[in-house]
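Student: Got a predicted structure here, sequence first:
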Amino acid sequence: MKKELKRYTLCEYCGEQKRYFDDYQDYQKLVIMLDKLNKSNKNQFYFGNISCEFSGGLYEVSIHIYNRLTPKMTISEIDALTSDKTEEEVIKKFKNLTRTVKPFTPDINIMYFEEKNEGEKDKKNVVKRVKYTPVLYKRDAHFMDQQYIKNCIKYAASQHDINFFREMANEFCFHHIVSHEIEWIRRYVAGIEAGENYYKELKYMATCLYTKLIQERNADKTLCRNDKGETLISRRRLRDVGFFVRDYMIPLNEKHLPTKYNKQLTEKQLEKLREQEEKKLEKKKQEANKQLPQAVQLKLF
């Protein structure tokens with residue numbers, strides 16, 4: 001039976017710091033030091049998405065800092081911590097560990113490290129790449145239900161929502177295990193665009209993709225089974241499809257992104273703060289008026 005990896009951490013994004021060096025070797029030493037800190041269980045922070053760019057005779061280094069709220073855990077263990085709670089309840093649970101000050105909302109995510117392949121590195125040479133997967137809150141629990149997702153696929157077909165299937169193929173095309181299903185989904189999409197009616201076939205092939213994708217597999221691509229011979233389900237892949245469906249259904253302006261980096265207030269929050277400050281100022285003026293003699297009040301105001 002394949003075991004889940006303890007590679008995920010619930011974390012709070014704390015911002016970006018800059019460092020400047022005139023010697024590239026100093027940057028390399030910094031990366032080695034940060035790598036050691038990342039591997040230490042005693043260190044409270046992770047350092048990732050580190051980039052270096054040569055400009056103006058100096059090496060400008062950007063370091064993103066993440067506050068560790070949990071030790072490394074499996075994705076199922078983290079889901080067990082959050083899936084019965086709202087976002088506000090999770091923030092409250094970790095209030096003694098978070099560092100974001102009010103009125104800002106802590107930017108809490110599930111993160112893990114993924115090293116870039118040499119061919120994927122950009123000109124800034126980003127290393128210690130941090131990747132995210134969304135936190136599973138109480139409001140999202142039904143997206144982990146297999147029958148619910150199959151019903152969503154069925155509904156998309158009944159509504160002739162061709163874009164749903166096009167986006168599904170684009171989202172999971174990098175998974176070689178479902179390359180056959182991806183190819184046929186794209187064929188059926190092209191056929192519908194040419195005037196054919198392949199929605200029944202699209203529903204069937206998308207359901208096959210989902211069923212096949214969420215099955216846990218060994219390194220040799222064979223299915224993982226329990227002691228009863230039953231196929232195991234990959235929690236990570238189950239989440240991937242569930243959150244794809246969730247995000248597709250949510251209007252763009254209401255999407256809750258896996259990483260907001262919300263160190264800036266929204267317009268709604270700003271307006272609320274302005275109103276609060278105006279009320280405070282008006283209250284102070286009224287209190288000052290009560291304390292001053294009438295003649296002074298007239299002179300000052």
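Tutor: Sure thing, it's come through.

Student: From now on I want contacts and neighbour counts done on CA atoms only, so please keep to that.
Tutor: Will do.

Student: Wasn't Tyr20 part of a strand?
Tutor: Yes - counting by DSSP: H, G, I helix; E, B strand; the rest coil, Tyr20 falls inside a strand.

Student: Which residue is the nearest non-sequential neighbour of it?
Tutor: Nearest residue to Tyr20 in three dimensions, chain neighbours excluded: Glu60, at 4.8 Å (Cα to Cα, 6 or more residues apart in numbering).

Student: elements contacting whichever strand or helix holds that neighbour?
Tutor: Glu60 belongs to strand 58-68 when assigned by DSSP states H and E. For strand 58-68, the packing partners by 3 or more Cα pairs under 8 Å, 6 or more residues apart in numbering; DSSP states H and E come out as strand 9-21, helix 24-39, strand 45-55.

Student: now the chain, which segments are flagged as low pLDDT?
Tutor: Applying pLDDT under 70 to the chain flags residues 1-2, 115-125, 251-274, 276-277, 280-281, 283-301.

Student: please redo it, this time with the cut-off set to 90
Tutor: 1-6, 15-16, 40-43, 51, 55-57, 100-105, 114-133, 218-230, 247-301 (pLDDT under 90).

Student: Walk me through the domains of it.
Tutor: Listed domain ranges for the chain are 9-136, 141-254 (source: automatic domain parsing).

Student: looking at these, which is closest to Lys279?
Tutor: Closest approach to Lys279 among these (Cα to Cα): domain 9-136, 17.0 Å.

Student: rewinding a little: adding distance to Lys128, write the helices and strands packed on strand 58-68 out as CSV.
Tutor: Formatted as CSV, these follow (distance: least, Cα to Cα, whole Å):
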stretch, distance to Lys128
strand 9-21, 14
helix 24-39, 8
strand 45-55, 5
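
Student: TSV please, covering the domains of the chain and showing distance to Glu278 and mean neighbour count.
Tutor: Output for the domains of the chain, formatted as TSV (distance: least, Cα to Cα, whole Å; neighbours: other Cα atoms under 10 Å):
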stretch	distance to Glu278	mean neighbour count
domain 9-136	16	16
domain 141-254	29	16
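
Student: I'd like the ones you listed laid out as TSV, including distance to Lys279.
Tutor: Listed next are those as TSV, based on distance: least, Cα to Cα, whole Å:
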stretch	distance to Lys279
domain 9-136	17
domain 141-254	30
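
Student: Of the ones you listed, which is nearest Glu275?
Tutor: domain 9-136 (14.0 Å).

Student: From the opening residue of that closest one to its closing one, how far?
Tutor: Its first and final residues considered, domain 9-136 spans 13 Å by Cα to Cα, to the nearest Å.

Student: again, but for stretch 41-60
Tutor: Stretch 41-60 end-to-end distance (Cα to Cα) = 28 Å.

Student: what sits up against it?
Tutor: 18-24, 27, 34-35, 37-38, 61-68, 71, 113, 123-130 (Cα atoms under 8 Å, 6 or more residues apart in numbering).

Student: wait, which of the helices and strands packed on strand 58-68 is closest to Asp140?
Tutor: strand 9-21 (17.1 Å).

Student: what's near enough to touch Met63?
Tutor: Careful, residue 63 is Ile and not Met. 16-18, 47-51.

Student: Make CSV from those and add distance to Leu238 to it.
Tutor: As requested, the contacts of Ile63 are arranged in CSV below (distance: Cα to Cα, whole Å):
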residue, distance to Leu238
Glu16, 32
Gln17, 35
Lys18, 38
Phe47, 28
Gly48, 26
Asn49, 27
Ile50, 30
Ser51, 32
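
Student: which residues in the stretch 151-300 of the chain form helices?
Tutor: 162-172, 179-193, 199-213, 235-249, 267-291, 294-300 (DSSP state H, counting those that start in this stretch).

Student: Quick check: Tyr24 vs Gly56, distance?
Tutor: Per Cα to Cα, Tyr24 is found 14 Å from Gly56.

Student: Report the secondary structure state of the residue nearest to Leu37 when sequence neighbours are not counted.
Tutor: Counting by Cα to Cα, 6+ apart, Leu37 lies nearest to Asn43, which is 6.2 Å off, once chain neighbours are set aside. Secondary structure assignment for Asn43 (three-state DSSP): coil.

Student: From Gln17, how far out is Asn43?
Tutor: Asn43 is 17 Å from Gln17, by Cα to Cα.

Student: Show the contacting residues for Arg19.
Tutor: 60-62 are the contacts of Arg19 under Cα under 8 Å, 6+ apart.

Student: residues touching the nearest residue to Phe113 once chain neighbours are set aside, list them.
Tutor: Once flanking residues are discounted, Phe113 sits nearest to Val130: 4.7 Å by Cα to Cα, 6+ apart. Applying Cα under 8 Å, 6+ apart, we find Val130 in contact with 48-49, 111-114.

Student: again, but for Tyr13
Tutor: Applying Cα under 8 Å, 6+ apart, the residues contacting Tyr13 are 64-67, 106-109, 261.
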